[in-house]
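Build me a model from this:
(2 chains)
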Amino acid sequence: MSAAQAVAVETVELTKRFGEFTAVDRVTFEVETGEVFGFLGPNGSGKTTTIRMLCGIIPPSSGSAQVLGLDVVRDSERIKHEIGYMSQKFALYNDLTVRENLSFYARVYGVSRAERGARIDAMLDRFDLTATHHTLVNDLPSGLRQRVAFAAAAIHQPSILFLDEPTAAVDPAARRGFWDMIYDTAASGTTVFVTTHYMDEAEYCHRLAFMSRGKLIAYDSPAAIRQSLGADMVEVDATPAAAALDALVGQPWVRAATLMGVRLHVMLQPGVPHERVREHLTSAGVTVASVEPATPALEDAFVTLMTGATAG
Amino acid sequence: MLERIRALMVKEFIQIVRDRRTLIIILVQPMMMLFLFGYAINTTVDHIPTVIADQVRDQRSRDFVRAVVNTGYFDVVGDVPDAGAARSTIDSGAAKVAFIIPPTFGADVLAGRPAQVQALIDGSDPNVAQTALLTANTLAQARGVQLLAESTGRSISSPLDLRPNILYNPGLQSANFMIPGLIGVILQIQAVLLTAFAVVRERERGTLEQLIVTPIRPTEMILGKLLPYVAIAFAQVGATLLIGTLWFGVPINGSLLLLMLLSLLFLIGALGMGLLISTVSRTQAQAMQTTMLTVMPAFIISGFMFPRESMPQAIRLLSYILPLTYFLEILRGIILKGIGLEYLYGQALALLIFAIVIAALSVIRFHKSLE
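Residues are numbered from 1 along each chain as shown, chains lettered A, B, ... in the order given. Here you go, the predicted structure:
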């Protein structure tokens, strides 16, 4: 449980079933100490269930998980002292001021009376909240509330911080600022485990795990995930675009096709020549302006991965 | 552990002070009930509006009317010419009782025949009708003996002389009966409602999930959240007793310490009930409805307002599973009768069993609801 440990989180075949439904299906991964680990996937893919198991809120059905070297079932009470958790909803008391909220969580986590005041002041300063520390949380704009929630989750300087969709209710401008705070925190030695469904945010993470229907379908650095698919993507400019999409989807040599604005991103099976796209579309009666190799964004990568996962 | 419970209590107190709805429940509701039940609900019936149809208007009939007024139960609000007019004043609601003294009254008295006086009584409110009937009967008997004495010229006294001695509440003041009971009712409503609200509020806002991830253990959570309401409940008991004594003149004849101890027992059960309700309610509105559903029957069958002796057997049996039934006997026993555990041990034991069972049940359910 010391920060010197190389692995902050380790799961082996972690599984959670709710009756017939398997929410998390034999998921195995590791989070290294000090990294910003992105846990991605669409709604209902098992992200939150996984976090809840790691935080000791619900026990796994099978498999195991260790957080900071502690077993999530046996040592769940000890884990709670060492981690910080920020849930999807802002779990702050609206009728308490910013300072009262921070003070409450500091006491709950056993920050000593001597340290408490200075710690809260430091947090207020770091998150730029000093001017509003006597304001009721209820009267704050959502971007600021977000920061208070983050400060509350980190007030006891946890070894690892779990953030569940921290930017879901924040406007895009504030999202960037929020990620700066995440980096700040990671730089001070805290491991950050963050879930999101914003693909642009995934690019900020050191490493990623991608969940789909309870299964882990990708697990690597953003660059590596992109690279593993890169050679096979083309960008197609064709009219009508919708007809082109219809013609491509379902072809055995097409891994995935998506509409990106007026163009199509088409992920091909390995070894398929790019001209095949033009030939197929022309024969289907679609006018093709261009077919060019393209570097996939993470979003493309995940669309492809998910299509593969669904087909499989 | 103590630090975490303290943190929760401080937080809860700040929230109570800032939440208008909770404040109103704590401050306004008990006072409202105290004054409503202290004044408006008066089960002693007197000053019944009455009309007289005196069709004789001689000395004797006037003596009779004076005797009616002197009972203190009847307020003569008018004179009417005959039985028909008397009936219509009762129909209209202007009077609840009418005495009709027929034209033959004087002659009958003189002749020594039984002289008839007719009494019309509005029976729609049985309480009023009962009192009117009893008073009228007593009055008629007394007047009868007096008339007999006058006609025979000898002094006559009734062969039976009843000497009633009313214990504990000689003035038969409703407030003396209502206010001790009110302590139980206020505690019941307040403790259940506030506890249910406090827990459901955290669930609604999502802060409960946050608390589960902190090192706070469920037992600490229960203590930290409920202790502030224990303090508030005791303040309410104190305030009710104080106002009861100073304003309504209700005497406290028994041991205050015993009263507080047994109130704590009752309170534990009520808080447990609130916690139980919180585990089955998703919103504060639901919690409110469920609370009312459990409190209303207690209100009616516990003996708070209506004597349990006159209830059907089945309902009486049902009242034995309500802690409030026992607590009311304890409250009235200590406050009015000044008795102690030597008589109340049965009720105290019942409260103890309720407290243990409900507290255990609610803690188990609460633990489950967190998972």
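
Nearest spatial neighbour of the closest residue to chain A within the stretch 51-200 of chain B, chain-adjacent residues omitted?
Using Cβ to the nearest Cβ, the single residue of the stretch 51-200 of chain B nearest to chain A is B:Ala198, 12.1 Å away. Using the backbone N, CA and C atoms, a C-beta is placed for each residue, glycine as well. Using Cβ to Cβ, 6 or more residues apart in numbering or on different chains and skipping the chain neighbours, the partner closest in space to B:Ala198 is B:Lys225 (5.6 Å).

SS state for that neighbour?
Classification of B:Lys225 by DSSP: H, G, I helix; E, B strand; the rest coil places it in helix.

And for the one 5 residues further on?
Remark: B:Val230 carries the secondary structure label helix [criterion: three-state DSSP].

What count of nearby residues applies to it?
By other Cβ atoms under 10 Å in any protein chain shown, 16 other residues sit near B:Val230.

my guess is it contacts B:Ala270, does it?
No - B:Val230 sits out of contact with B:Ala270 when judged by Cβ atoms under 8 Å, with a separation of 10.2 Å.

before we move on, back to that, was I right about the residue of the stretch 51-200 of chain B closest to chain A contacting B:Glu12?
Yes - with contacts counted by Cβ under 8 Å, B:Ala198 reaches B:Glu12, the gap being 6.8 Å.

Same drill for those two, tell me which one is more crowded.
Shown here are B:Ala198 and B:Glu12; by other Cβ under 10 Å, B:Ala198 has more neighbours (23 against 19).

Identify the residues contacting that one.
B:12, B:225-226, B:229, B:278 (Cβ atoms under 8 Å, 6 or more residues apart in numbering or on different chains).

okay but A:Ala294 is in contact with A:Val236, surely?
No - contact criterion Cβ under 8 Å: A:Ala294 and A:Val236 do not qualify, at 9.4 Å.

between these two, what contacts are shared?
Joint contacts of A:Ala294 and A:Val236 (Cβ under 8 Å, 6+ apart) are A:His265.

Looking at the two now, which is surrounded by more residues?
Using other Cβ under 10 Å as the criterion, A:Ala294 and A:Val236 rank with A:Val236 on top: 25 against 16.

Go through the helix or strand hosting the more buried one and flag the buried ones.
Per DSSP states H and E: A:Val236 is located in strand A:233-239. Residues A:233-236, A:238 are the ones in strand A:233-239 that count as buried (16 or more other Cβ atoms under 10 Å in any protein chain shown).

likewise stretch B:74-88?
Those would be B:74, B:76-77, B:80, B:86, for stretch B:74-88 by 16+ other Cβ under 10 Å.

Could you report the pLDDT at B:Thr43?
B:Thr43 carries a pLDDT value of 65.

among the contacts of B:Ala198, which ones are buried?
Judged by 16+ other Cβ under 10 Å, buried ones among those: B:12, B:225-226, B:229, B:278.

Give me the helices and strands touching the least confident helix or strand in chain B by mean pLDDT, please.
Ranked by mean pLDDT, DSSP states H and E, the helix or strand of chain B with the weakest confidence is helix B:105-111, at a mean of 84. On a contact count with 3 or more Cβ pairs under 8 Å, 6 or more residues apart in numbering or on different chains; DSSP states H and E, helix B:105-111 meets helix B:59-70.

which residues touch stretch B:16-35?
Stretch B:16-35 is contacted from outside by A:95-96, B:15, B:179, B:182, B:185-186, B:189-190, B:193-194, B:197, B:228, B:232, B:236, B:239-240, B:243-244, using Cβ under 8 Å, 6+ apart.

same thing but 7 Å
For stretch B:16-35, the surrounding residues in contact (Cβ atoms under 7 Å, 6 or more residues apart in numbering or on different chains) are A:95, B:182, B:186, B:190, B:193-194, B:197, B:228, B:232, B:236, B:240, B:243.

sorry, back to before: secondary structure class of the residue of the stretch 51-200 of chain B closest to chain A, three-state.
Classification of B:Ala198 using three-state DSSP returns helix.

pLDDT weak spots in the stretch 101-250 of chain A?
Residues of the stretch 101-250 of chain A meeting the criterion pLDDT under 70: A:229-231.

Show me which residues of it are close to chain B?
Contacts of the stretch 101-250 of chain A with chain B, taken as Cβ under 7 Å from any Cβ of the partner chain, map to A:104, A:107-110.

Serialize these to CSV and add fields for secondary structure.
Shown next, in CSV, are these (three-state DSSP):
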residue, secondary structure
A:Phe104, helix
A:Arg107, helix
A:Val108, helix
A:Tyr109, coil
A:Gly110, coil
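
For ChimeraX, what selects the buried ones among the residues you listed?
Listed next is the ChimeraX selection for buried residues among these, using 16+ other Cβ under 10 Å:
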select /A:104,107,108,109
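
Adding distance to A:Gly250, write the residues of the stretch 101-250 of chain A next to chain B out as JSON lines.
Shown next, in JSON lines, are those (distance: Cβ to Cβ, whole Å):
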{"residue": "A:Phe104", "distance to A:Gly250": "56"}
{"residue": "A:Arg107", "distance to A:Gly250": "59"}
{"residue": "A:Val108", "distance to A:Gly250": "55"}
{"residue": "A:Tyr109", "distance to A:Gly250": "54"}
{"residue": "A:Gly110", "distance to A:Gly250": "58"}
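
Which one of the buried ones among the contacts of B:Ala198 is nearest to chain A?
B:Glu12 (10.0 Å).
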